[in-house]
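Participant: sequence and predicted structure are below.
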Amino acid sequence: MSPRKLLLQFASVLAVVVVLNASAQPVTVVEYYNKTLDAHFITGRASEQSALDGVADFQRTGMTFQATAVATAAASLTKICRFYISVATPYVSSHFYGRQGIDCESIRAQNLAGFSWEDYDFATQQPAAGVCPVGTVTIFRGFRAAANGKTSNHRYSASQATYDAAVASGYIGEGAAFCVTAATAATPTTVAVATAVGTPNGTAISASIGPSGGTLTSADGRLTLTVPANAVANSTTLSIQPISNAAPGATGSAYRMLPDGQTFAVPVKLSFAYDDQSLRGSDPDALGVVYQNGQGFWRSLKTVQRDTVNHTLTVSTSHFSDWTSHLTGLQLQPGEASVAVGKSIGLLLVSCNTYEVGEDLQSLALACVPPFLTATTSGWAVNGAPGGVTGLGLVAKTSGISATYTAPATKPSPNRVIVSAELVGAAKKTIFASNITIIDDSWSGRATATTEFFRQTADIKWTLLRINGNVSAYQPSGTASGVDFHCPITPASAPISPGDGILMVDYSTDPPTWSGAGATAWSAVHACPAPEVSYSDQVFSIFFGSDTGVVSAGGTTIEGTNVQGPLTIVWKFTR
């Protein structure tokens with residue numbers, strides 16, 4: 001083989017696997033949940049599984065899937081590598097699983113700070129254009145960006161319901177990741193776990209209140225503290241500090257009542273204002289008030305005064321802590337979301353439960369899950385129109401408790417719609433609703449990978465998939481093409497599929513930051529002139545090599561260069 005062909009194969013990110021043992025060895029990949037980090041982790045390493053089973057912070061979720069040992073994997077399978085990421089922000093104590101030939105070699109070559117190579121873990125089939133072959137089980141992947149004290153996290157799901165629930169809880173759906181021979185889905189769980197303590201994010205309001213009592217209202221007007229007479233013996237400075245909110249099912253801001261740990265001789269009252277958006281199509285009876293204890297667990301008060309005329313929730317307490325209002329019971333998730341024109345989003349009816357822990361307290365579960373009891377929805381509609389209408393989007397029921405909303409091809413005005421469904425068989429008519437905002441946001445441009453022997457080009461439009469807080473995720477479309485300067489290739493181009501890459505932009509910073517990865521691959525014949533021999537291989541047109549950067553030109557341009565040995569990748573996308 002000529003040096004030129006060897007270089008072409010390197011630059012195309014090809015991985016040639018020689019299987020010396022014809023007997024493929026199965027590997028059981030197990031998913032764990034780390035309750036301290038509120039993050040999920042998978043591993044195909046038996047020794048690691050044995051170790052994690054002895055660590056209290058790690059719990060098996062029940063999700064497993066069958067893969068193949070790397071040493072015995074056939075050439076048709078893709079090896080899956082693993083990196084440990086230890087960076088102060090935004091990837092605190094996280095792992096990344098990459099694909100051989102696309103992610104693994106590229107990330108290693110960049111020698112990124114904080115990325116530690118942990119070798120290959122297992123091998124699987126890969127989806128084609130986002131779809132797994134008939135006879136295989138799809139393993140889905142979702143991504144949660146670092147926020148509110150939580151580390152970034154990929155979660156892999158062996159069932160559509162678990163995947164939809166993860167997306168409903170704030171993960172960005174990335175579609176099919178692996179195609180496996182067998183799998184078991186995660187066991188739904190609502191076990192209460194501790195969450196991160198909130199951090200101040202607004203203006204604190206203070207007042208000096210004495211034995212005669214008084215009131216204090218938060219800066220946003222949504223929380224009022226009423227101190228009765230004789231609750232404090234002396235004049236005391238009391239404050240309401242808005243903080244970030246990690247409470248499960250939270251409906252608005254959280255507040256730190258200061259001084260922390262303050263107690264009262266006579267119970268004080270906390271009144272939270274709520275609106276229709278807080279209900280998320282549920283019922284005022286499902287609204288409650290919770291506080292976070294010293295161990296990080298949220299406790300819900302069973303005694304709540306609900307004023308449906310003035311839209312307030314009032315509780316009595318003898319101590320200060322971090323407080324917020326929340327929604328329990330059945331609800332449609334996501335209750336609030338943004339979706340790009342022409343894109344779809346899954347909607348799922350979930351149950352957010354509490355458990356008895358005291359005379360007037362309940363333990364608030366971390367996660368909302370599909371209802372354990374039989375529940376069925378009907379009458380899915382968009383702005384009251386059954387099934388939706390072309391200009392506002394369409395909704396289609398996908399199971400008894402789920403549906404898919406597809407946004408229209410162009411942004412409507414107003415661009416906010418209500419997708420709703422009715423609970424079948426309820427004692428009273430119960431309508432669940434989700435507020436969906438349709439947006440039109442994209443990046444477009446070109447990525448080029450070049451050596452002295454070839455040039456591969458990707459003309460891409462990155463279309464908004466979903467927004468999670470300040471982080472927007474974009475999927476690619478367009479055309480990839482390749483030119484071999486010596487041996488013409490056929491076909492010389494291929495379409496770019498949405499699953500071929502991901503672009504994420506964090507707009508919480510100024511300027512925004514971005515991260516991206518991906519490539520399009522297609523089979524091509526290199527028709528080499530004599531005396532060289534023609535050959536076939538996989539051509540890879542690379543978008544990024546798991547790169548990161550800062551959005552330039554006033555937040556309108558993503559550009560950069562990555563040199564990997566003889567291969568130079570250049571990209572530029574504008575908004």
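Facilitator: The structure has been received and is ready for your questions.
Participant: and the end-to-end length of stretch 482-493?
Facilitator: 6 Å (C-alpha to C-alpha, to the nearest Å).
Participant: can you check stretch 221-240 too?
Facilitator: Terminal residues of stretch 221-240 are spaced 11 Å apart (C-alpha to C-alpha).
Participant: check which helix or strand Gln538 maps to.
Facilitator: Using DSSP states H and E, Gln538 falls within strand 535-550.
Participant: need the residues that contact the next helix or strand after that strand.
Facilitator: Note on strand 535-550: by DSSP H and E, the next helix or strand toward the C-terminus is strand 557-564. Strand 557-564 is contacted by residues 106, 109-110, 443, 445, 503, 505, 514, 516, 544-545, 547, 549, 551-552, 568-575 when judged by C-beta atoms under 8 Å, 6 or more residues apart in numbering. The C-beta positions use only the backbone N, C-alpha and C, and glycine is treated the same way.
Participant: what's the mean pLDDT across the helix or strand that strand 557-564 is followed by?
Facilitator: On the C-terminal side of strand 557-564, the nearest following helix or strand under DSSP H and E is strand 567-574. Mean pLDDT, strand 567-574: 92.
Participant: same question for stretch 553-560.
Facilitator: 87.
Participant: now the end-to-end length of it.
Facilitator: End to end - C-alpha to C-alpha - stretch 553-560 spans 13 Å.
Participant: next, Thr187: secondary structure please.
Facilitator: coil (DSSP: H, G, I helix; E, B strand; the rest coil).
Participant: same deal with Val309?
Facilitator: coil.
Participant: and it, how far is that from Gln277?
Facilitator: As judged by C-beta to C-beta, to the nearest Å, Val309 and Gln277 stand 18 Å apart.
Participant: where does pLDDT dip in the stretch 151-300 of the chain?
Facilitator: In the predicted model, the stretch 151-300 of the chain carries pLDDT under 70 at residues 168-169, 188-194, 249, 280-283.
Participant: what ranges do the helices span in it?
Facilitator: 160-168, 276-279 (DSSP state H, counting those that start in this stretch).
Participant: do you know how far the nearest residue to Ser253 once chain neighbours are set aside is from Ala254?
Facilitator: Closest residue to Ser253 apart from its sequence neighbours, by C-beta to C-beta, 6 or more residues apart in numbering: Pro242 at 5.2 Å. Plainly put, Pro242 is 7 Å away from Ala254 if you go by C-beta to C-beta.
Participant: just to revisit the earlier point, comparing the helices of the stretch 151-300 of the chain, which comes out most buried?
Facilitator: helix 160-168 (a mean of 24; mean count of other C-beta atoms under 10 Å).
Participant: number of nearby residues for the nearest residue to Leu330 once chain neighbours are set aside?
Facilitator: The shortest distance from Leu330 to any non-neighbouring residue, by C-beta to C-beta, 6+ apart, is to Ser351 (5.6 Å). Using other C-beta atoms under 10 Å, Ser351 is surrounded by 19 other residues.
Participant: also Ser344?
Facilitator: A count of nearby residues for Ser344, using other C-beta under 10 Å, gives 17.
Participant: please report phi then psi for Ser47.
Facilitator: Backbone torsions for Ser47, taken as degrees, to the nearest 10, come to phi -60, psi -40.
Participant: mind listing what the residue nearest to Ser253 touches?
Facilitator: By C-beta under 8 Å, 6+ apart, the neighbours of Pro242 are Pro200, Asn201, Gly202, Thr203, Ala204, Ser218, Ala219, Asp220, Ser253, Ala254, Tyr255, Arg256.
Participant: nice, that's everything, thank you.
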